[in-house]
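1. sharing a model that was predicted from the sequence below.
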Amino acid sequence: FEEFEECAIREVQEEIGINIENPKLFTVASAIRKEIQHHYVVIFMKALYDGIQEVKNLEPDKHSEWFWVDKVNFEQHYKEQKLFYGLMKLVEIYGTVENLYEKIILL
């Protein structure tokens with residue numbers, strides 16, 4: 001058993017090989033995809049990252065790739081529906097990519 005914060009630290013280390021600090025709950029989203037009969041309850045966390053460690057795809061059997069994107073590229077991925085469905089839902093909750101970025105930065 002582990003708290004959300006402990007889980008975030010472990011999962012980020014296991015999946016992309018970086019260390020994060022001070023993870024905090026950002027929000028929780030219910031993402032339903034009726035067409036494939038999936039219901040995700042997604043827990044979004046926000047954490048500190050030193051900006052130096054390089055992101056690696058440590059689980060290539062689960063993820064095609066990991067990479068950082070700026071706001072413009074994130075918005076493009078959103079428009080092309082190339083994001084994890086939970087992230088698509090998060091943009092919908094906040095209305096726009098801009099609103100989501102502002103909310104993340106201000107927390």
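-> Received, thanks.

2. checking my notes, Glu14 in a strand, right?
-> No - according to DSSP: H, G, I helix; E, B strand; the rest coil, Glu14 belongs to no strand; its state is helix.

3. correct me, but it touches Glu59?
-> Yes - the pair Glu14 and Glu59 passes the contact test of Cβ atoms under 8 Å, sitting 7.4 Å apart. Backbone N, C-alpha and C define where each C-beta goes, glycine included.

4. distance from the lengthiest strand in the chain to the middle of the chain?
-> Selection of the longest strand in the chain by residue count, based on DSSP state E, yields strand 21-33. Centroid separation for strand 21-33 versus its chain: 8 Å, with Cα atoms, centre = their mean, to the nearest Å.

5. list the helices and strands that strand packs on?
-> Counting contacts by 3 or more Cβ pairs under 8 Å, 6 or more residues apart in numbering; DSSP states H and E, strand 21-33 is packed against helix 4-16, strand 38-48, helix 85-94.

6. pick the most buried one from those.
-> helix 85-94 (a mean of 17; mean count of other Cβ atoms under 10 Å).

7. ok, then the element right after that one?
-> Read in the C-terminal direction, the helix or strand following helix 85-94 is helix 97-106, with elements assigned using DSSP states H and E.

8. ok, residues contacting that next one?
-> Residues lying outside helix 97-106 but in contact with it, judged by Cβ atoms under 8 Å, 6 or more residues apart in numbering, are Phe26, Lys46, Lys71, Phe74, Glu75, Tyr78, Leu90, Val91, Tyr94.

9. ok, Glu98 - how many residues close by?
-> The number of residues packed around Glu98, counting by other Cβ atoms under 10 Å, is 12.

10. let me redo that: Val97
-> Counted with other Cβ under 10 Å, residues neighbouring Val97 total 18.

11. before we move on, what about Leu100?
-> If we define neighbours as other Cβ under 10 Å, then Leu100 has 22 of them.
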